[in-house]
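Asks: A predicted structure for the sequence below; I have some questions about it.
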Amino acid sequence: MSAAWLPYAERVVDYLRIGEVAQRVGVSVDTLRRWEAEGRIVFERRGNQRVLPASQLAGLLSSLAGSERTSSARNRLTGVVVAVERDGVMAKVELACGDYRIVSLMSREAADEMGLAPGVAATAVVKSTSVMVEIESDAGRRSS
């Protein structure tokens, strides 16, 4: 699929250094080195640096997400913030979660308090009592 179909893809970094991965995962660099020795994670070498393809970060975060949930929501998509648009009151936050693009509208205050910015690891939590699907047809709009 071309970048024209995935407008957020160009803004995501290609590789994260081991220190950046440690910060996003919430562990030390030494822990990541130990995990690499145990085969739990595979870093590539770029020059003298250990790097992880950014596309693998969501999978790593998902594999670490365990029973530490503090809500009943089961639909959780771990990813990376790729864009944040703030205005006076609201913020539009766009996440790349694997193959999915998730957009959340929230208060600007909440986005500021969480420090949401491109490159920050985040989890989209979806909890809904109903989802409607609409299509356009010759007879007009139809919904389920």
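Replies: Looks like it arrived, so ask away. Residues are numbered from 1 along each chain as shown.

Asks: C-terminal to the top strand by length along the chain, what's the next element?
Replies: Across the chain, the strand with the greatest residue count (assigned by DSSP state E) is strand 75-86. With elements assigned by DSSP states H and E, the helix or strand that comes after strand 75-86 is strand 90-97.

Asks: Strands of this structure, residue ranges please.
Replies: With strands called from DSSP E, the chain shows them at 15-17, 44-46, 49-53, 75-86, 90-97, 100-107, 121-126, 134-137, 140-143.

Asks: count of neighbours near Thr78?
Replies: 21 (other CB atoms under 10 Å). Yep, even glycine has a C-beta here, placed from its N, CA and C like the rest.

Asks: hang on, Ser62 packs against Gly79?
Replies: No: under the criterion of CB atoms under 8 Å, Ser62 makes no contact with Gly79, lying 9.1 Å away.

Asks: okay, the two: which has more neighbours?
Replies: Using other CB under 10 Å as the criterion, Ser62 and Gly79 rank with Gly79 on top: 22 against 15.

Asks: Leaving out chain neighbours, which residue sits closest to the more buried one?
Replies: Cys97 (3.3 Å; CB to CB, 6 or more residues apart in numbering).

Asks: Next one: that neighbour from Phe43, what distance?
Replies: 22 Å (CB to CB, to the nearest Å).

Asks: got it, and Ala91?
Replies: From Ala91 to Phe43 the distance is 33 Å (CB to CB).
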